[in-house]
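quick one, structure for this:
(one chain, ligands or ions: 2)
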Amino acid sequence: MRIAFDNTYAHELQGLYAPCQPYQVAAPSLVFWNQALANELGLAVEDADIPSLPAVFSGNVLPQGATPIAQAYAGHQFGQLSPSLGDGRALLIGEVLDCQHRRRDIAFKGSGRTPFSRNGDGKAALGPMLREVLLGEAMHALSIPTTRALAVVSTGEVVYRDQVLPGAVLTRVAASHIRVGTFEYFAARGELESLKRLAAYTITRHTPQLQAPQLHWLDFLREVSQRQAALIAQWMSIGFIHGVMNTDNMTISGETIDYGPCAFMEAYDPHTVFSSIDHQGRYAFGNQPHIAQWNLARLAEALLPLSEMPPEQTLAEAEAVINSFPNMYHQQWLKNMRAKLGLSSANDEADSADEMLAQDWLELLQVNKVDFTLGWRYLADAAEGDESRLRNLFADQSALSIWLARWHARLHAEETPSATRANSMRQHNPWLIPRNHRVEEALAAAINGELAPFEKLLAALKSPYQETALYADYAEPAPEEMTMNYQTFCGT
Ligand code: AMP
Ligand code: MG
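Ligands and ions are numbered 1, 2, ... in the order given. Coordinates of the predicted model:
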């Protein structure tokens, strides 16, 4: 198999990473292969290459041109700076230009110890890697920027966690793996030259409109903030809880990364937390926009040494960008809410009325413990005059009626035919999300060597807007007891 690597990070940023080889695995076997993504990347995978995929994507036989490196990064984890994290169980093996000439990283996760592994084994278990496949592909199908899985190879070895688990290596594709924490690493060490090189590289790669002669660090900060505002607003509109929004898990590209303890919300409640280690609810669903802003403030701090302005002005300008984040976020959120509510016009005068309409709807969902996904989805039926499925979800019918009357009054201000509106709403309000009980069921079977449930769920999640009897079970909410006791783990 030929991969046309073009490895700029390794070639241009020497000193900002540690070269490192993947470890050899005992008995590699291909568990998941993403042919659509391989095509998108322009990988020339012929039929004759299929038998070699396990060896290649376990790291046993690196493709020609790969330059495996462990990237250095730091990170604020639950608010505390860890000045040296880095790729402890991942390796960037190279970059390619995909069919649309976008630069994409190809990286292994679970490929053994690196100079950044500290006490970890550098390895990954099969269950969490398949979880990353399911959640990442679901997010992709929902048009949310995300890293994606190209392959999962089981290693034929076990990894030791609180249980003995089958090991695996995941191949991850990303717009890049540069994080807020990458900047923090060099800023924390006072390595100004490295910081400058990283900034120049990142700007060229992700915001080329801001390229030299000067380092437009402030515009860069603003652009990264815009991307995060758009991303988090998308998470908030589909009920996605990342679960571990540490600064090392926030990309500069604006892609969702690190599918560890993430999960989708069932009944709407902004306090929802599933991660077993998030005791204070720092990363609760409703806290995500606030945390994004907090993380961007850490990026701003890391970029300050690049400024050529007087210190006071530097601080004031950086603060102004960070303080504008709530508004950036709010604009994106309102745009998404309008689409979900079936509103097409966005005149400024209606802003506060539309916002109230959306907020009151969310409150109604919360008070009535309505499933977030189905509540929105069945609202599309109501746009066409069929309220039956929607009404079944609500205990308080009169509160629902009052809200629906307001909503209809607002809809009448637009001239969209109701069928057109309902169809458009169905494009913004998915029928299927990766329900926690279905994900767990599929993973439990896969770990026992039975891949059919994983494959069926994955196939279903690829068409989240399409209602079909075939996948009706996947649309059902989890039993309430399951959701109440559900916990997710980092998968380390
Ligand atoms: P994560 O929770 O995946 O965001 O990882 C946080 C940090 O812990 C990163 O620096 C990882 O490289 C490191 N890490 C996670 N799991 C392992 C492991 N099994 N071995 C070594 N390092 C790890
Ligand atoms: Mg991480």
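
near ligand 2, which residues of the stretch 101-250 of the chain?
Residues of the stretch 101-250 of the chain that fall close to ligand 2, judged by Cβ under 5 Å from the ion: residue 249. Where C-beta positions appear, they are placed from N, C-alpha and C, glycine not excepted.

what is the burial count for the closest residue to residue 158 other than its chain neighbours?
With Cβ to Cβ, 6 or more residues apart in numbering as the criterion, residue 158 has its nearest non-adjacent residue at 5.0 Å, and that residue is residue 164. For residue 164, the number of neighbouring residues by other Cβ atoms under 10 Å comes to 10.

ok, residue 346 to ligand 2 distance?
The gap separating residue 346 from ligand 2 is 36 Å, by Cβ to the ion, to the nearest Å.

which stretches of the stretch 351-492 of the chain have low pLDDT?
Residue ranges of the stretch 351-492 of the chain with pLDDT under 70: 492.

all helices for the stretch 101-250 of the chain, in order.
With DSSP state H, counting those that start in this stretch as the criterion, the stretch 101-250 of the chain has helices at 126-141, 180-188, 192-206, 217-238.

including mean pLDDT, mean neighbour count and distance to residue 396, could these go into JSON lines?
Listed next are the helices of the stretch 101-250 of the chain as JSON lines, based on pLDDT from 0 to 100; neighbours: other Cβ atoms under 10 Å; distance: least, Cβ to Cβ, whole Å:
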{"stretch": "helix 126-141", "mean pLDDT": "98", "mean neighbour count": "24", "distance to residue 396": "31"}
{"stretch": "helix 180-188", "mean pLDDT": "98", "mean neighbour count": "26", "distance to residue 396": "42"}
{"stretch": "helix 192-206", "mean pLDDT": "97", "mean neighbour count": "18", "distance to residue 396": "47"}
{"stretch": "helix 217-238", "mean pLDDT": "98", "mean neighbour count": "22", "distance to residue 396": "24"}
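
tell me which of those lies nearest to residue 454.
Judged by Cβ to Cβ, the one of the helices of the stretch 101-250 of the chain that comes nearest to residue 454 is helix 126-141, at 6.0 Å.

still on that earlier bit, with distance to residue 342 added, can I get the helices of the stretch 101-250 of the chain in a markdown table?
What follows is those, written out as a markdown table (distance: least, Cβ to Cβ, whole Å):
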| stretch | distance to residue 342 |
| --- | --- |
| helix 126-141 | 21 |
| helix 180-188 | 36 |
| helix 192-206 | 34 |
| helix 217-238 | 14 |
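
quick check: the residue nearest to residue 158 vs ligand 2, distance?
24 Å.

check residue 383 too.
40 Å.

nearest residue to that residue other than its sequence neighbours?
If you skip the residues right next to it in sequence, residue 383 has residue 422 as its closest partner in space, 4.4 Å away by Cβ to Cβ, 6+ apart.

list the contacts for that neighbour?
Remark: with contacts taken as Cβ atoms under 8 Å, 6 or more residues apart in numbering, residue 422 is in contact with 342, 380-381, 383-384.
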